[in-house]
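>>> let's see this in three dimensions:
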Amino acid sequence: MIGLFLLVDVQAAMGFMGPPFPADVITDKHGDEFSHAVQIGNAITEKKMLDVILQARDCGPLYNAITDCGAGGLSSAVGEMGSHTGATVELDKVPLKYDGLKYAEIWISEAQERIVLSVAPENVAALLDLAAAEDVEATDIGVFDGSGKLTLLYQGHNVGSLDMEFIHDGLPSPIRQAVWQEPVLPRATVAEPTDYARTLCQLLAMPTLASKH
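Below is the predicted model:
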């Protein structure tokens with residue numbers, strides 16, 4: 001979030017608890033505890049989506065660019081693809097897995113099996129028909145508009161507006177001083193082989209060195 005706002009306007013929530021969780025200490029006893037933190041992929045949905053992407057590629061292609069929604073959801077996908085053009089996104093057109101999400105949550109939610117395609121206006125209908133034929137949900141949620149800005153709309157209101165240049169280059173890269181010290185390593189002691197032929201055969205018999213053919 002950028003800017004100043006009143007403390008009374010801050011709404012506390014649990015958050016998404018997805019990408020940050022691997023920073024914790026993970027052991028073999030944490031499986032059940034963290035099983036909810038990252039969404040489980042749906043192999044059937046992934047296969048249908050892959051079929052659509054490959055068919056759309058072979059039909060022209062019907063799209064100019066493609067990227068997946070990573071841990072940042074639409075914010076990372078659209079932000080990356082529109083870094084040189086700008087983009088306007090209508091968040092209320094985004095398909096939701098859960099009801100009741102706020103516009104900020106829609107914008108940054110991670111979602112498995114979700115990608116963003118850049119499609120020319122004349123190809124949108126053909127791509128949507130192709131997705132419908134494969135039972136894949138596809139929606140036109142906005143436009144790369146050449147404005148150089150990222151604009152977010154929700155229910156007729158402008159809920160976000162930033163320059164792409166600021167998003168990608170607004171924070172100067174820090175310059176840090178580093179000092180390297182050569183580590184003191186113990187000298188390796190390797191015994192001289194007494195039977196080189198036997199040693200060679202032992203090495204060649206190792207699974208990592210043996211021929212795989």
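
>>> distance check, Ile156 against Leu54.
Just to correct that, residue 156 is Gly rather than Ile. For Gly156, the distance to Leu54 (CB to CB, to the nearest Å) stands at 37 Å. Quick note: C-beta positions are derived from backbone N, CA and C, even for glycine.

>>> which one's more surrounded, the two?
Ranked by neighbour count (other CB atoms under 10 Å), Gly156 and Leu54 place Leu54 first, with 11 against 7.

>>> and that one, which helix or strand is it part of?
Assigned by DSSP states H and E, Leu54 falls within helix 43-58.

>>> what's the first helix or strand after that helix?
strand 65-68.

>>> that following strand: partners in the sheet, and parallel or antiparallel?
Strand 65-68 has its sheet partners listed here by DSSP bridges as strand 115-118 (antiparallel).

>>> can you list contacts of the partner strand?
Residues outside strand 115-118 that contact it (CB atoms under 8 Å, 6 or more residues apart in numbering): 49, 53, 56, 63-69, 74, 77-78, 81, 127, 144.

>>> pull the number of nearby residues for Met164.
Applying other CB under 10 Å, I find that Met164 has 19 neighbouring residues.

>>> could I get the contacting residues of it?
Gly79, Gly82, Ser83, His84, Thr85, Gly86, Gly148, Lys149, Leu150 are the contacts of Met164 under CB under 8 Å, 6+ apart.

>>> weed out the non-buried ones from those residues.
Gly79, Gly82, Ser83, Gly86, Lys149, Leu150 (16 or more other CB atoms under 10 Å).

>>> the protein: strands as residue ranges?
65-68, 87-90, 115-118, 142-143, 149-154, 157-163 (DSSP state E).

>>> what about those strands, which gets the closest to Leu96?
Proximity to Leu96 (CB to CB) singles out strand 149-154 among these, at 12.4 Å.

>>> what's in contact with the closest one?
78-79, 82, 86-92, 103, 106-107, 145, 158-164, 167.

>>> tell me how far stretch 127-137 is from the chain's mean position?
Relative to its parent chain, stretch 127-137 has a centroid offset of 23 Å by CA atoms, centre = their mean, to the nearest Å.

>>> wait, isn't Tyr103 in contact with Asn158?
No: contact status for Tyr103 versus Asn158: not in contact, 10.8 Å apart, counting by CB atoms under 8 Å.
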